[in-house]
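Student: okay, sequence plus prediction incoming.
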Amino acid sequence: MTISAASSLPAHGLPISAVERETGIPKDLLRMWERRYGFPLPGRDEHGDRVYPREQIDKLRLLRRLMDLGFRPGKIVHMETDELDALFARQPARSAPPALVQSDIVRLLRGDDPVAVRDALQMQLAVQGLRTFVTETLARNNEDIGAAWMRGEIEVFEEHLYTEMVSRLLRETLVRLQLPVRPPRVLLTTCPGEQHSLGLLMVEVMLRLAGCDTLSFGADMPFSDIGRAATRLQSQIVALSFSSAYAGEPLEAVQALRPHLPAGTDIWMGGSGCRLPELPEGVQVIHDFATLEGQVAQWRHSHGPDASGGPAAA
């Protein structure tokens, strides 16, 4: 599979905000790569602002697609565009399934009818219930959206629209979810540089269904702030999400976070970018949303009766 050059780009290139929309790579991440890897290498316009030539944008598109397949940016950013194209073409078919049968969510997104997308999601939630909606439907939809993006069938703005609609629906549902809570108290966030938070929100839903006391702080939280929040709010677990777009190494992030956390605080981590060769003590990887409730039950069992009854400490 090859990615053709975007012939519609202006001769002088695109500004960084447009490159973010074209590639799905956040502006902060583009600047970080420029400092860390020496790529991309933008020019400057008459105002001194960054502009990116078409060949670099083509390479950035390829990098993003390979990252969605699990490749780390530091391992592939120095490869030439034709090498990246060849690497992408060699990936197993399961990573980008053929579009013989297009999923309903992709078809709806391409129909330019946001109301239809919203109504379909709400109907799925009402019919299936929250647990099945998250563990099966959303998990499958997310894979379909990612695969369609890799094939160039949907645009970045359509992917963003889907993410925002799902996030709003889940947040509205969480507000209405009146369940008694008990330990563990779980602090949910992402590490510095990680902007994607949909997976984190899905984890929060499953933890709430398991009766956990959850505290969500959104994305891109400094390590020191995570540590202070976990200490003052007496969180027993810190849950982290790593998408395939995360520029760093999850293991290094966990090691950097650990000194900021109180002794005995567990770290749970998951997401498509979470591939660890080995697990440090006190760290668990969440491989599947459906396994979360079992992991919560195991935590309660291992921490004794004091952890399995009564509300979490304030």
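Tutor: Nice, thanks for sending it over.
Student: okay, CA-based contacts and neighbour counts for the rest of this
Tutor: Noted.
Student: in the protein, what spans have low per-residue confidence?
Tutor: 1-12, 70, 93-103, 276-277, 305-314 (pLDDT under 70).
Student: quick check: buried residues in the biggest helix by length in the chain?
Tutor: Secondary structure of the chain per DSSP state H: the longest helix is helix 156-176. Buried residues in helix 156-176, defined by neighbour count with 16 or more other Cα atoms under 10 Å: 158, 159, 162, 163, 165, 166, 167, 170, 174.
Student: okay, those residues in a markdown table with distance to residue 272 next?
Tutor: What follows is the buried residues of helix 156-176, written out as a markdown table (distance: Cα to Cα, whole Å):
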| residue | distance to residue 272 |
| --- | --- |
| 158 | 20 |
| 159 | 16 |
| 162 | 18 |
| 163 | 16 |
| 165 | 21 |
| 166 | 18 |
| 167 | 18 |
| 170 | 20 |
| 174 | 24 |
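Student: looking at those residues, spot the one nearest residue 78.
Tutor: Nearest to residue 78 out of these is residue 159 (Cα to Cα; 27.2 Å).
Student: number of nearby residues for the closest residue to the closest one other than its chain neighbours?
Tutor: Computed as Cα to Cα, 6 or more residues apart in numbering, the closest residue to residue 159 that is not its neighbour in sequence is residue 145, at 6.9 Å. Counted with other Cα atoms under 10 Å, residues neighbouring residue 145 total 21.
Student: then residue 290?
Tutor: Neighbour number of residue 290 under other Cα under 10 Å is 16.
Student: residue 137 is in contact with that one, correct?
Tutor: No: counting by Cα atoms under 8 Å, residue 290 stays clear of residue 137, with 11.8 Å between them.
Student: residues in contact with residue 116?
Tutor: By Cα atoms under 8 Å, 6 or more residues apart in numbering, the contact list for residue 116 reads residue 108.
Student: which strand or helix spans it?
Tutor: Assigned by DSSP states H and E, residue 116 belongs to helix 114-128.
Student: residues in contact with the helix or strand following that helix?
Tutor: Once the chain leaves helix 114-128, the next helix or strand it forms, by DSSP H and E, is helix 130-132. Helix 130-132 is contacted by residues 206, 209 when judged by Cα under 8 Å, 6+ apart.
Student: for residue 275, give its distance to residue 153.
Tutor: 28 Å (Cα to Cα, to the nearest Å).
Student: settle it for me: which of those two has more neighbours?
Tutor: Set residue 275 next to residue 153 and count neighbours by other Cα under 10 Å: residue 275 wins out with 18 against 14.
Student: from residue 69, how far out is the more buried one?
Tutor: 12 Å.
Student: show me the contact partners of the longest helix of the chain.
Tutor: Outside helix 156-176, the residues touching it (Cα under 8 Å, 6+ apart) are 21-24, 109-110, 114, 117-118, 121-122, 145, 149, 198, 201-202, 205.
Student: switch the cut-off to 7 Å
Tutor: 21, 22, 24, 109, 118, 145, 198, 205 (Cα atoms under 7 Å, 6 or more residues apart in numbering).
Student: what do you get for stretch 32-45?
Tutor: 50, 51, 52, 56.
Student: hey, C-alpha coordinates of the longest helix of the chain in CSV?
Tutor: Extracted in CSV, the C-alpha atoms of helix 156-176 (Å, rounded to 0.1, in the frame of the first residue of the first chain):
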residue,chain,number,x,y,z
VAL,A,156,-9.0,13.3,10.6
PHE,A,157,-12.0,15.6,11.3
GLU,A,158,-14.3,12.5,11.0
GLU,A,159,-12.2,10.6,13.5
HIS,A,160,-12.3,13.6,15.9
LEU,A,161,-16.1,13.9,15.5
TYR,A,162,-16.5,10.2,16.4
THR,A,163,-14.3,10.6,19.5
GLU,A,164,-16.1,13.7,20.7
MET,A,165,-19.5,12.1,20.3
VAL,A,166,-18.6,9.0,22.1
SER,A,167,-16.9,11.0,24.9
ARG,A,168,-19.9,13.2,25.4
LEU,A,169,-22.3,10.2,25.5
LEU,A,170,-20.1,8.3,28.0
ARG,A,171,-19.8,11.4,30.3
GLU,A,172,-23.5,12.0,30.2
THR,A,173,-24.1,8.3,31.1
LEU,A,174,-21.6,8.5,34.0
VAL,A,175,-23.4,11.4,35.5
ARG,A,176,-26.6,9.4,35.6
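Student: chain center to whatever helix or strand comes next after that helix: distance?
Tutor: Later in the chain than helix 156-176, the nearest helix or strand by DSSP H and E is strand 182-189. Here strand 182-189 is found 19 Å from its chain centre; the criterion is Cα atoms, centre = their mean, to the nearest Å.
Student: and strand 182-189, which strands flank it?
Tutor: Paired strands of strand 182-189, with direction, are strand 212-216 (parallel), strand 237-241 (parallel) (DSSP bridges).
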